[in-house]
Each structure stands twice: as C-alpha cells, then as structure tokens.
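# Return a 3D structure for these sequence lines:
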Amino acid sequence: MRAVVQRVRQAHVTVEGETVGAIGAGLLVLLGVGRDDDAAAAAVLARRIVGLRIFDDEDGRMDRSLVDVGGELLAVSQFTLFGEFGSGRRPSWGRAAPGDEAEPLYREFVEAVRGHDVRVAEGRFGADMDVHLTNQGPVTLIFD
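Take a look at the predicted model:
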C-alpha cells in the first residue's frame with residue numbers, strides 16, 4: 001500500500017457537487033492499493049498512521065498522534081499513487097490492484113483505523129472526486 005498523509009485543519013471530498021466525506025482537524029490519507037497488498041498490510045499501515053506523532057504538543061513540538069489529539073481521518077482511494085513512468089509520457093498503472101481487489105483492502109484499512117477509536121470519513125471508491133483541504137504546516141508524508 002502507498003499513502004500520502006497530510007495534516008489538515010479541515011478536508012472534504014465532493015462527488016458531482018455533493019459532499020460525501022468531511023473532517024475537521026486531523027489527517028487526509030490518499031491511499032493506493034498495490035497488487036501484492038493484503039489485509040495485514042492494511043492493518044500495519046493503519047496502526048502506523050494513527051500513531052504518527054506529527055501534531056504539536058504544549059511546547060509546539062510535533063510529539064502527539066492523531067489519537068492523542070482526538071483528530072479525524074479522511075480516507076480517499078487513489079490508484080494513481082502506483083503510476084510508473086518509463087521513457088514515455090503516459091504513466092503505467094500495472095502495479096495498482098484492480099478495483100475489485102483494491103476496494104476490500106481499502107475497506108480493511110478504514111476499519112483498522114476505526115478500530116483505534118478514530119472517526120473516519122471517506123471519499124467514494126472509484127468515483128471522480130474533488131478533494132478540498134487546508135494543509136496545516138504544511139505537513140505531508142509518504143508511506144510505501
């Protein structure tokens with residue numbers, strides 16, 4: 001799995017003008033599922049992300065996790081994280097899991113995050129989405 005994690009003041013996702021998922025302060029996670037991923041990978045990634053100490057403590061140091069601050073998480077599926085570039089200009093998506101394999105693992109990730117008592121909002125799997133966010137910091141991390 002690949003994830004781009006952004007610390008946000010707020011974020012929401014719209015599909016055809018309708019808001020389908022929204023959060024206040026917390027993390028926006030763009031999640032790609034690869035062909036070799038499994039439920040164990042989803043659980044490990046969820047645990048690592050909710051435990052990331054990237055929120056400020058009382059001294060202004062990044063030393064608190066999403067759980068520590070009571071933050072929320074917005075999960076957005078994004079197969080394009082597995083785009084590969086050869087010598088041409090068109091990316092290949094060959095390492096991304098097909099939708100029928102990726103969606104259950106995306107759901108495993110979401111449920112694993114919820115298992116840490118984190119409120120999770122979602123985009124719509126497979127939809128053409130508009131993602132709106134206010135990145136705080138900015139803080140952006142990439143997990144492979």
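
# what sits against the residue positioned nearest the centre of the chain?
The residue lying closest to the centre of the chain (C-alpha atoms, centre = their mean) is residue 29, at 1.7 Å. Residues in contact with residue 29 (C-beta atoms under 8 Å, 6 or more residues apart in numbering) are 3-6, 49, 73-76. For every residue, glycine as well, the C-beta is placed using N, CA and C.

# what sits opposite it in the beta ladder?
Residues in a beta bridge with residue 29, per DSSP bridges, are residue 5, residue 75.

# what's the neighbour count on residue 114?
14 (other C-beta atoms under 10 Å).

# cool, and residue 98?
11.

# Show me what counts as buried in the longest helix seen in the chain.
Ranked by residue count and defined by DSSP state H, the top helix of the chain is helix 99-114. Of all the residues in helix 99-114, those buried under the rule 16 or more other C-beta atoms under 10 Å are 102, 105-110, 112-113.

# tell me the mean pLDDT for whichever helix or strand comes after that helix?
Heading C-terminal from helix 99-114, the first helix or strand you meet, by DSSP states H and E, is strand 120-122. Averaging pLDDT along strand 120-122 yields 98.

# From residue 48, how far off is residue 99?
Using C-beta to C-beta, to the nearest Å, one gets 25 Å for the distance from residue 99 to residue 48.

# just so I have it, where are all the strands in the chain?
2-15, 18-23, 26-32, 55-56, 62-64, 72-77, 120-122, 130-143 (DSSP state E).
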